[in-house]
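Asks: predicted model, plus sequence, below.
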Amino acid sequence: MKRRRFANSTRRRALAVLARMRSRRESLSEAARRERTTPRTVRGIFPKQLKRSRSGRYTASRSDRLRRDIAVLGFDGYMPVVVHSPKPAQLASAHLIAITRFLRTGNKKWLKPFIGKRVGGVELLTDIDRIQILGDADLVKLDGLYRNNRGSREASE
């Protein structure tokens, strides 16, 4: 079986389309349009994750085992992790959102659901002092979840 290689940004957009279809119940064409790609591209990259009904409408499978290279914010900063399910990626994403909200408001309640949780073997950062240090150094980025989105010039070249 021949494996196709796709640009990382194209694959990431296609993953985002699947996520929108699952969480927001959007159609393939609507989700693809919002993620700035085409339904044809998504069908080409992830044909097994899309099911076509008799009416011709595509739906995303409930889950998948696709590889996701993400960066989890731990005590020492972003740590590279590979996960094979959308659930740990969603947890890491929710964690980043909670940290951003904590930095904006100072309210510790945003961090409570993540105490003791791990993603890919990395414990999610909930130490308030450490979060403040990383935040003051401008090292906490919402787009830091996917590894090559953390300010590297690689994505823009």
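Replies: Nice, thanks for sending it over. Residues are numbered from 1 along each chain as shown.

Asks: nearest residue to the residue nearest the centre of the chain in space, please, no chain neighbours.
Replies: For the chain, the residue nearest the mean C-alpha position is Ala89 (5.2 Å; CA atoms, centre = their mean). Excluding the flanking residues, the one nearest Ala89 by CB to CB, 6 or more residues apart in numbering is Arg68, at 5.0 Å. Where C-beta positions appear, they are placed from N, C-alpha and C, glycine not excepted.

Asks: is it true that Ala92 touches Asp69?
Replies: No - between Ala92 and Asp69 there is no contact under CB atoms under 8 Å: 11.6 Å.

Asks: just want to know which of those two has more residues nearby.
Replies: Remark: of Ala92 and Asp69, Ala92 carries more neighbours, 26 against 15, as counted by other CB atoms under 10 Å.

Asks: A strand includes the more buried one, no?
Replies: No - looking at Ala92 with DSSP: H, G, I helix; E, B strand; the rest coil, it is helix, so not inside a strand.

Asks: OK, contacts around it?
Replies: Residues in contact with Ala92 (CB atoms under 8 Å, 6 or more residues apart in numbering) are 70, 72-73, 81, 83, 119, 124, 145.

Asks: no more questions from me, cheers.
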